[in-house]
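Q: no sequence for this one, just the structure:
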């Protein structure tokens, strides 16, 4: 017994540097990824996607979704940095996992790729709902598009969509433009309108609708047009990232390899845009790109170096903050000309754009407004695809002290003179009045 | 034999020679004691005053004995905090203190928005004690400042009584004021508030001014200006002085009692007092610009016109010419004054009267226009019972004293009559102003007691002397002789006098008993620790407030912002050492209204408001478990009113059912879902408070609550004190994925 506990301790001691190496503030890219599958055959049918991940250094751990030994954390420590759920039909997860523990996983700042498919289970739907996405309630419904389907669609029910309405963000989808349409076959979802953190990456065309392709439409479909999202992402407030796809086939080798020609278009592509799309998206979701970090907010009076405990109104101050971007391997200086600082008390009194010096240092200087109170330096940087920077630092601003006002004002000299002559005159008068007979 | 008898004789001789010496000397000393009745009287007077001085101090120590040496109520905690700051950081830091811990995020310039008199006084006492090597804690000094100044007030009352009537009245006044509940209510140990020092300063200023008017001496006028300066530095009630004194001067002018003495006293006091008062940052230029101070300036100018007219009259020696001159000067002076006042007010140079001043003149004003003033319980109009409670027999002696004053009118008695009548009116308007009226009531009652007792005893004495010798009749006072002449018509006069004397002493002893009882029962509670009687008659203490504040101090981040109703602001900053959104210095009505709005909105709306104010914790006071009635639910309608005064989206009728405030099932839906209701009654539905009642029975209001299933979305319970009196909630950060 003693031996065992000692060996466990030894092992954990040995593992400690490894644990701290993976997924930390300094190294935000995920390392250990758990992949939950319906069926282990998916491992081979989606091998291209998994292999790109492996080649980028991810440590994939494939498990069946109903594996009874499934656990996300042990002794209060998460065992994985990322989670891929490719198990659209699983009704219950193995072990102690449920939709709440998946949500907790995301809330702890870890990332998730969730893919549904037609006839997605309630479990998958509830996880998606937690992330601000609602799948079509009709479990047999698919996205149908009679204008922008892929011509290779052999069934003729126009459910293989050739979608090219991608979000315009270099950060999420990489610098290289995805030329070929992305092939999609699966279920439609819509975004929760009250959630402003979730957004579409791949949207359906205006002519799409969601219905059961094998039966006739009896009533107008609930989801139509560009309200339908095919692939959505969510960046939570703690910068955890979630990808939700309505199609598992999107990631499959078959669609990645297949050529594509959009109906009504003459452009024929050798390969669909799927590979580039899923690779770039996985880079984004696992924090290989678009991750910013900021140093602390530094401020001081002009000509000083130490941070004061309190400012006085009309002080001149200098403000700076360092911002770095994670390139996947190292921290590079972030270059942008749109980072702003607010000097804020209930509303911004000063709003200034910071100038960057290409070494990651953003700085500016301004005068404290003529208002006292408890102010905050606020840097709120929310750019599409980038992690949110929300920094604030509280600093009180006091009015003048009693001896900081101007003492002798030149324009007041006549008044001083009048005052003193009156006093002298009064003295002389009293003297004369009292002692002059 | 002879040799033997000689020494014996000589011995006897010696004894006979020494014995007259002894007799002589003892006779002499006895005679000397008896002769110098003045000295005897002085000794008696000093010992009485000394006893009164001690009595006034110890009568106020009930609160320390019952509870502990602690600061009471709400405002004293701010005073204590500032005093602590003053003793630690020194005067200049105190003077320039910008407090970022209150009124977040606006902050408060403490140095410029308080009356520093109290803090400086306590700090001086503290430094003096330290200099004398008494190493006391500043808290003890603060706790005992009020009793100490109450003792000093008795001395001033003695001298004042002596000035307006005689030493007897002075002594009675000192005794009466030493134990008068109206004064004790604000000066028990621990009641470390501005009034503690201010009543002393007020009475001192009045005394010195009356002395100056009586003597016409510049020195006394100067002293009264300094007394006024101390009063201005201590309390906003100085406005009463600066309005009463000119009013008094005006009355003297109208009644033809204008004299050079008055001219010297008022002008010196006004000019120097004004210059000194302007040195207090909080007052500053208000003293020459605000409406409340204009009366004094007007009377000052009027005095000059009067003096000028006097001089012209003296120079002219022609009545007719003087009459026309008088008419022209008076009309032009009034016109110039009126135009100046009109222009000043129109241009905004002279600020109009403040709401508090208006509400004094018109008791209904605050109720209609300024809910923040009307919401304070001590600003309510006074009930008759509290007059009886605070004055007891003085209420009956006061008119009698007025009668004596009118019988012997002088400049001094006119002053005390005016002081008594005006302050009694103000006491009727606001409960807290009973305090200001107390010295006047005591002085006038003392005149009544002293004059009555004096008359009765002199009656007794003269009668005795009449029966013994008729010669002393002529030496007796005219009053006594007139009584003696009446003697024949009223045979039982002596008995009557004795009966009346006994009656007076019975009344006075009842007064003493009443005062002691009131002090120990009603006015010695610190209100921060609550006491109740248990089922077996034992005393139970609820120390929930301090429990909560110390929890905040030890368990929250140092920069946490606490939102609560403004009543608790001072205590949270002083005891919890945390930043508050609003506190008892109600200088910004909008900010308070924002908090009122948050409390009366539903949770989602309140969350937005709390986020915008960076609130981390919300603190509510709830009395449903203990039956403590002055909790936030009972204050809630004021929050609605004050919030609705600034934000019209909050409408008071929506929280009422048929004009009735309810928390049970019949309450309005808005009430059942507002933040305050939810925070007070969260998890209360599970609790059985009283045997035989359903769970969720609110003991403070005697009803079963209407919403037992309360779920909080944006807040979570952080701490609830042992008797549920204070409940603290943490404001959650926004949800991660939404």
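A: Happy to help now that I have it. All values reported here derive from a predicted model rather than from experimental measurement.
Q: what does chain B put close to chain A?
A: B:92, B:95-96, B:98, B:100, B:104-107, B:109, B:559, B:579, B:612-613, B:733-738 (Cβ under 8 Å from any Cβ of the partner chain). C-beta coordinates here come from the backbone N, C-alpha and C atoms, glycine included.
Q: can you rerun that using 10 Å?
A: Within chain B, the positions adjacent to chain A are B:92-93, B:95-101, B:103-109, B:111-112, B:281, B:559, B:561, B:579, B:591, B:594, B:612-614, B:733-738 by Cβ under 10 Å from any Cβ of the partner chain.
Q: Now, those residues that are in strands?
A: B:98-99, B:108-109, B:561, B:579 (DSSP state E).
Q: could you redo those as TSV and give each row pLDDT and neighbour count?
A: Written out in TSV, the entries for these read as follows (pLDDT from 0 to 100; neighbours: other Cβ atoms under 10 Å in any protein chain shown):
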residue	pLDDT	neighbour count
B:98	92	20
B:99	91	23
B:108	91	22
B:109	91	16
B:561	94	22
B:579	94	25
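Q: Which pair of those residues spans the longest distance?
A: B:109 and B:561 (19.3 Å; Cβ to Cβ).
Q: so where does residue 171 fall, helix or strand?
A: Answering for chain A, as no chain was given. Applying DSSP states H and E as the criterion places residue A:171 in helix A:170-173.
Q: Not quite, go with chain B.
A: Using DSSP H and E, residue B:171 falls in helix B:167-179.
Q: Contact partners for residue B:511?
A: For residue B:511, the contacting residues are B:175-176, B:179-181, B:391-394, B:397, B:445, B:449, by Cβ atoms under 10 Å, 6 or more residues apart in numbering or on different chains.
Q: Revised request: answer the last question for residue B:726.
A: B:544-549, B:551-552, B:564, B:568, B:619-622, B:631-632, B:719-720.
Q: Could you check how many residues crowd around residue B:558?
A: 8 (other Cβ atoms under 10 Å in any protein chain shown).
Q: so it sits right up against residue B:578, yeah?
A: Yes - applying Cβ atoms under 10 Å, one finds residue B:558 in contact with residue B:578, separated by 7.7 Å.
Q: before we move on, back to that, just the contacts of residue B:726: which are in strands?
A: B:619-621, B:719-720.
Q: which of these sit farthest apart?
A: Farthest pair in the ones in strands among the contacts of residue B:726, by Cβ to Cβ: B:621 and B:719, 13.1 Å.
Q: Common neighbours of the two, please.
A: With Cβ under 10 Å, 6+ apart as the test, residue B:621 and residue B:719 both reach B:548, B:726-727.
Q: of those, closest to residue A:46?
A: residue B:727 (53.8 Å).
Q: Make sure that closest one is indeed in a strand.
A: Yes - assessed by DSSP: H, G, I helix; E, B strand; the rest coil, residue B:727 belongs to a strand.
Q: my guess is residue A:228 contacts residue A:211, does it?
A: No - taking Cβ under 10 Å as the definition, residue A:228 is not a contact partner of residue A:211, at 11.1 Å.
Q: Name the residues contacting each of these two.
A: Here residue A:228 and residue A:211 have A:136, A:143, A:188, A:221 as joint contacts, going by Cβ under 10 Å, 6+ apart.
Q: Just the buried residues out of these, in ChimeraX syntax.
A: A single ChimeraX command selects the buried members of those (16 or more other Cβ atoms under 10 Å in any protein chain shown):
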select /A:136,143,188,221
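Q: residue contacts, the residue in the stretch 151-300 of chain B that chain A sits nearest to?
A: Closest contact between the stretch 151-300 of chain B and chain A, by Cβ to the nearest Cβ, is at residue B:281 (8.3 Å). Applying Cβ under 10 Å, 6+ apart, we find residue B:281 in contact with A:402, B:95-96, B:109, B:111-116.
Q: any low-confidence regions in the stretch 301-437 of chain A?
A: Low-confidence segments of the stretch 301-437 of chain A (pLDDT under 70): none present.
Q: Tell me the residues on it that lie near chain B, please.
A: So the stretch 301-437 of chain A meets chain B at A:309-310, A:312, A:344-347, A:371-376, A:392, A:394-404 (Cβ under 10 Å from any Cβ).
Q: what helices or strands is the helix or strand hosting residue A:183 leaning on?
A: Assigning secondary structure by DSSP H and E places residue A:183 in strand A:182-184. The contact analysis (3 or more Cβ pairs under 10 Å, 6 or more residues apart in numbering or on different chains; DSSP states H and E) places strand A:182-184 against strand A:142-145, strand A:161-163, strand A:198-203, strand A:229-235, helix A:253-257, helix A:274-285.
Q: What residue in the stretch 451-600 of chain B comes nearest to chain A?
A: With Cβ to the nearest Cβ as the measure, residue B:559 is the residue of the stretch 451-600 of chain B nearest to chain A, at 6.3 Å.
Q: Quick check: closest non-adjacent residue to that residue.
A: Closest residue in space to residue B:559, ignoring its immediate chain neighbours: residue A:394 at 6.3 Å, by Cβ to Cβ, 6 or more residues apart in numbering or on different chains.
Q: in the host helix or strand of the one you found, what's buried?
A: Assessed by DSSP H and E, residue A:394 sits inside strand A:389-398. By neighbour count on 16+ other Cβ under 10 Å, the buried set for strand A:389-398 is A:389, A:391, A:393-398.
Q: Give me the sheet partners of that strand and which way each runs.
A: Within its sheet, strand A:389-398 is paired with strand A:311-312 (parallel), strand A:373-381 (antiparallel), according to DSSP bridges.
Q: quick one: contacts for the nearest residue to residue A:381 once chain neighbours are set aside?
A: Counting by Cβ to Cβ, 6+ apart, residue A:381 lies nearest to residue A:389, which is 3.9 Å off, once chain neighbours are set aside. For residue A:389, the contacting residues are A:239, A:292-294, A:321, A:323, A:334, A:339, A:379-383, by Cβ under 10 Å, 6+ apart.
Q: what does residue A:349 give?
A: Residues near residue A:349 by Cβ under 10 Å, 6+ apart: A:342-343, A:366, A:368-371, A:373, A:375, A:397.
Q: How about residue A:71?
A: With Cβ under 10 Å, 6+ apart, residue A:71 has these contacts: A:34, A:63, A:78-80, A:94-97, A:101.
Q: what does residue B:208 give?
A: Residues counted as contacts of residue B:208 (Cβ under 10 Å, 6+ apart) are B:156, B:159-160, B:163, B:219-228, B:265, B:269.
Q: try 8 Å this time
A: Residue B:208 makes contact with B:220-221, B:223-224, B:227, according to Cβ atoms under 8 Å, 6 or more residues apart in numbering or on different chains.
Q: so how many other residues sit close to residue B:128?
A: 11.
Q: From the rest of the structure, what touches the host helix or strand of it?
A: In this structure, residue B:128 is located in helix B:117-131 according to DSSP H and E. For helix B:117-131, contacts defined as Cβ under 8 Å, 6+ apart pick out B:79, B:82-83, B:86-87, B:91, B:94, B:135-136, B:138, B:141-142, B:145, B:148-149, B:192-194, B:196-198, B:201, B:230-235.
Q: Could you give me the buried positions within stretch B:297-306?
A: Those would be B:297-300, B:302-303, B:305-306, for stretch B:297-306 by 16+ other Cβ under 10 Å.
Q: could you dump these to CSV with pLDDT?
A: Listed next are the buried residues of stretch B:297-306 as CSV, based on pLDDT from 0 to 100:
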residue, pLDDT
B:297, 91
B:298, 90
B:299, 92
B:300, 93
B:302, 89
B:303, 91
B:305, 87
B:306, 86
